[in-house]
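K.L.:
With the input below, show me the fold.
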Amino acid sequence: MTSKTAISLDDELLGRMEELAEQMHLTRSGVFAEAAREYILRHENLILMEAINDTYGKDTDSEEAQLSRQRKQKHRRMVEGQW
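P.N.:
All right, here's what the predicted structure looks like:
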């Protein structure tokens, strides 16, 4: 089952989405659906990563804690500004 929805986008973003749809041989709806799937997956992965870090981050020595902070920072930089 599919549902229709209306969203508001600025003209530049809509233009970029239309160009991408053409390049990917998809409809605009297809591009938006794929973008939503990727965004949800990224969010779920972030939650999983935090749960893993919380679990393995307990009772760590200072070196392990530093490495964990560096990994978290790197992951945040990787996903920052992508959406």
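K.L.:
Could you count how many residues lie near Val31?
P.N.:
19 (other Cβ atoms under 10 Å). Glycine gets a C-beta too; all of them are placed from N, C-alpha and C.
K.L.:
Leaving out the residues flanking it, which one is nearest to it?
P.N.:
Ala21 (4.6 Å; Cβ to Cβ, 6 or more residues apart in numbering).
K.L.:
tell me the secondary structure for the one you found?
P.N.:
Following DSSP: H, G, I helix; E, B strand; the rest coil, we place Ala21 in the helix state.
K.L.:
Use 605 as the first number from now on
P.N.:
Right, with 605 as the first residue, what we last looked at is Ala625.
K.L.:
State the mean pLDDT of the lengthiest helix in the chain.
P.N.:
Within the chain, and with DSSP state H defining each element, the longest helix by residue count is helix 632-660. Here helix 632-660 scores 91 as its mean pLDDT.
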